[in-house]
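# Next one to model:
(2 chains, ligands or ions: 2)
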Amino acid sequence: MFISKLKQALICLKAGRVTLPYPYKPSPTPEGFRGKLKVDINKCIGCAGCANVCPPGAIEVIDFDKGWRRIQFHLTRCIYCGRCEEVCPEKAVKLTDEFELSTNTKEDLDLTIEIYMDTCQRCTRCFKPEHPLDKMMVTGFRE
Amino acid sequence: MLTAKEIIETLRTKFNNHIIKADEKVSNQVFVRVVPDTLVPLIRFLSKTLSPRFLINAGTDLVRQDGKYLVSYIFSFDSDKIFLCIEVAVDAAAPDIDSITPIIAGANWSERETRDLLGINLRNHPDPRRLVLADDWPQGLYPLRRDFPYDYKPPSEPQNKVHLKKPPEGTKVIPIGPFYPVLEEPAYFKLFVDGETVVDCDYRGFYNHRGIEKIGDTKLTYNQICFMAERICGICGFIHSTCYCEAVEQAAGIEVPLRAHYIRTIMLELERIHSHLLWLGIATHIIGFDTLLMQAWRIREPVMWLCEKISGNRKTYGMNLIGGVRRDIPHQMHDKIITVIEKIERETLEVIDAVMGDTSLHVRLKDVGILTEEVGRSICTVGPTARGSGIPIDSRVDHPYAAYDRINFEVAVESGCDIWARTLVRLKETMESIKIVKQCLLEMPDGPIMGEVMEEIPSGREAICCVEAPRGEAVHYVQTGQDNRPYRWRVRAPTYPNLQCIPNIIKGERIADVPIIIGSLDPCYSCTERMAVVDVKTGVEKLYTKEEIIKR
Ligand code: SF4
Ligand code: SF4
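Ligands and ions are numbered 1, 2, ... in the order given. This is a model prediction of the structure:
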């Protein structure tokens, strides 16, 4: 019993203090960390592929006006799985190393992009322009 | 060794007229459909002769197809590596079925769950009280039926409250829970005590239903469920997503590349290492030995960091998809992994060496919380709880998945039947896990990590998969369906059978030992509670009504 306690004390002494000084010092994340999303509005073509695969349904796609599509990433719902990054054909979504997301306003955690899409003459629904050049001919991308 | 054919033959010779169909749908998985009246005789015959182990039953709503409810009873022939699924289809007009709990005590909860959620009435069930549904859930409303919308919120009917047992003559009641019963989770144990001694207890849990199975059947797609499955448990999530993926892959016949299998194995074992160290810390914390809590968790932390490096997150790895894994473990990382786990090996051995001779630990853990092999078998306990009582079951060996058919390791079995034995099993397993990770890193072949997945997974197939979680085996049963989602996905977490043995193992013990006895099962309440969309705030003992609590 006594020897056992001695050994335990030794283990504790040897380990010393291991608590990290976070948040007084930053705690960097390793490469490949799945943190807050970043969306590149210039690359997104509004295909909604990300919204289709997102497990918790954190991505909302709304065609709110003729030819205009709004894509909203609700990061309060996001589980940081990175599926959107994986399927995005234009590599418009990236998971960053940012993880300090606490905030008092929920809206801080919404990423919204609005893009002008081509509109089908028949059904007036949005679709992706066929050629990159066509993309530039239409009204353009707006945030 | 029994083969699938022999099992079918044995059943056919005895019950030929009553068997509607019997086939081996997936290799080593036998599905036998029988007429409802034969169920009890057949299961009695089975448990007398071949004595398979009961895993779980699952109810499926097939009313739209043929006006029936399908109830599947899943058994495992452990040494023969075979699953047997006995199915009965009961008429939707009169969904009554004979209970098998009088034959197999371990079927108690799962039968009641099927009754609660699908409305299959049980005849001759010894304890037919409500189990899963909330106290104020309306009568006659069954959330797993197909005509029940997944987002429907029924009105409250408080008169349906479950009445826990009355204390036996001469005993007093001590409540443990409903908040923080040993672990920071909700469950309620009502202990009946005579002086210091526990005479009996009753249990009410399932406060945390998250409706996962319902959402899986109605809303999510195959690949979305992988992430949902991972969130069944906060400690051993990866085993659930692996189990789900393997079940779907087997049902659909998807070939998974070997490298992906190895990566799954590595992640599963890393998970086991950190889970067992976590348990060691919590268990010793329960008995007031916080030194070990601090040290065990200190040793554990580098595994979490390692997993963060590999997968991008310390706990929810998010690596599984149907057909393989999403992230590779590149060669540059191998050395890093070896360094971390070798350090853990060294430090854990040091700790084991230091505490083995600690007599105060022996006093608290030895001969306490005895689970005899017989009781363990009848309640169908799994994992370290079973192995601590000399029941040599381990699905890594019995039903190999991932790369376990290529791995050499020892199954830790102890015969002490007490908490000490369960502790030893877990410590040994931690060491074995470290060996397994090393072996995997050595043998892992190069190649793709994602297999070919067909455009559409064919519907109408079914498969069962077991994965050995740190706390026992998890069972997932999948029936494929249309619209790119399973028709039925049934999950059984390891704590589900293990918790059912609590009344047996705390009988005759002292009150002070109850927390560590409950803790020794490494229970995980939230895993156990996955179904029905329920939100309960009522305290179980009628101290406050829900309205009163809300008012406060
Ligand atoms: S990271 Fe996952 S949860 Fe978050 S938006 Fe992308 S797909 Fe959805
Ligand atoms: S972010 Fe990518 S996947 Fe999502 S809509 Fe834009 S282009 Fe499509």
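
# Next, the contact list for residue 73, please.
Picked chain A for this. Taking CB atoms under 8 Å, 6 or more residues apart in numbering or on different chains as the criterion, A:Phe73 is in contact with A:37, A:39, A:58-59, A:84, A:110-112. To be clear about C-beta, it is placed using only N, CA and C from the backbone, and glycine gets the same treatment.

# um, chain B though
Contact partners of B:Tyr73, counting by CB under 8 Å, 6+ apart, are B:39, B:43, B:54, B:57, B:85-87, B:100, B:107.

# For the stretch 1-150 of chain B, just list every one of the strands.
Counting by DSSP state E, counting those that start in this stretch, one finds strands in the stretch 1-150 of chain B at the ranges B:19-26, B:29-34, B:53-62, B:68-77, B:82-91, B:96-98, B:121-123.

# Partner strands of the third one, with direction?
Paired with strand B:53-62 in the same sheet, following DSSP bridges, are strand B:68-77 (antiparallel).

# Then the fifth one?
Sheet pairing of strand B:82-91 (DSSP bridges) gives strand B:29-34 (parallel), strand B:68-77 (antiparallel).

# winner for burial among those strands?
Counting by mean count of other CB atoms under 10 Å in any protein chain shown, strand B:68-77 has the highest mean neighbour count of the strands paired with strand B:82-91, with a mean of 23.

# average model confidence for it?
Strand B:68-77 carries an average pLDDT of 94.

# can you redo the contacts of B:Tyr73 as CSV with pLDDT?
Shown next, in CSV, are the contacts of B:Tyr73 (pLDDT from 0 to 100):
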residue, pLDDT
B:Leu39, 93
B:Ile43, 93
B:Phe54, 94
B:Asn57, 91
B:Cys85, 94
B:Ile86, 94
B:Glu87, 94
B:Ile100, 94
B:Ala107, 92
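
# same for ligand 1: which of the contacts of A:Phe73 are within range?
Checking these against ligand 1 by CB under 6 Å from any ligand atom, the ones in range are A:37, A:58-59, A:84.

# Format those residues as TSV; extra columns: neighbour count, pLDDT and secondary structure.
Shown next, in TSV, are those (neighbours: other CB atoms under 10 Å in any protein chain shown; pLDDT from 0 to 100; DSSP: H, G, I helix; E, B strand; the rest coil):
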residue	neighbour count	pLDDT	secondary structure
A:Leu37	22	92	strand
A:Ala58	20	94	coil
A:Ile59	24	95	strand
A:Cys84	24	94	helix
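
# tell me which of those is nearest to ligand 2?
The nearest member of the ones next to ligand 1 among the contacts of A:Phe73 to ligand 2, counting by CB to the nearest ligand atom, is A:Cys84 at 6.2 Å.

# Quick check: that closest one touching A:Cys44?
No - counting by CB atoms under 8 Å, A:Cys84 stays clear of A:Cys44, with 10.8 Å between them.

# How about the contacts made by A:Cys84?
A:Cys84 neighbours (CB under 8 Å, 6+ apart): A:37, A:50, A:53-54, A:59, A:73, A:93.

# With adjacent residues omitted, what lies nearest to it?
Spatially, and ignoring its direct neighbours in sequence, A:Cys84 is nearest to A:Cys50 (3.6 Å; CB to CB, 6 or more residues apart in numbering or on different chains).
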